[in-house]
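Novice: model this:
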Amino acid sequence: MSLFKQHSQQDGQTVTIEFEGTALQVPEMITVAAAVLSHSGKNHTRRSPASGEERAPYCFMGVCHECLMEIDGNPNQQACIVQVQEGMKIRRQLELPGGDQ
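Specialist: Residues are numbered from 1 along each chain as shown. Reported below is the predicted structural model:
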């Protein structure tokens, strides 16, 4: 059971994004964080570079920076305030201390 559940959209418009190599159909008006958390089966978006601990969005309004992800090759993007777009490529930031993954 996932902590996050996607709600249906009335008009049914979707976009296709790529999340860690997997194509996902998601509602067009949601954020990257919402799309990832509702489809991934894992409730985290990155690992802390200091401790390696899994982290996930907390505030969902761009204040806490716990949702940082790599979006279209750009690291440290706030996934909770970026709206999904057709063809977007998204990856978790999983670097551990010392550069290990």
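
Novice: Check the burial of Q25 by counting its neighbours.
Specialist: As a burial measure, Q25 scores 11 neighbours (other Cβ atoms under 10 Å). Quick note: C-beta positions are derived from backbone N, CA and C, even for glycine.

Novice: these two touch, right, it and T14?
Specialist: Yes. Counting by Cβ atoms under 8 Å, T14 is a contact partner of Q25 at 4.7 Å.

Novice: those strands in this protein, which residues are they?
Specialist: For the chain, applying DSSP state E gives strands covering 14-19, 22-27, 46-47, 54-55, 68-71, 74-78, 89-92.

Novice: Against which helices or strands is the fifth one packed?
Specialist: Going back to what we said before, that points to strand 68-71. helix 32-39, strand 74-78, strand 89-92 (3 or more Cβ pairs under 8 Å, 6 or more residues apart in numbering; DSSP states H and E).

Novice: hmm, try it at 6 Å
Specialist: On a contact count with 3 or more Cβ pairs under 6 Å, 6 or more residues apart in numbering; DSSP states H and E, strand 68-71 meets strand 74-78, strand 89-92.
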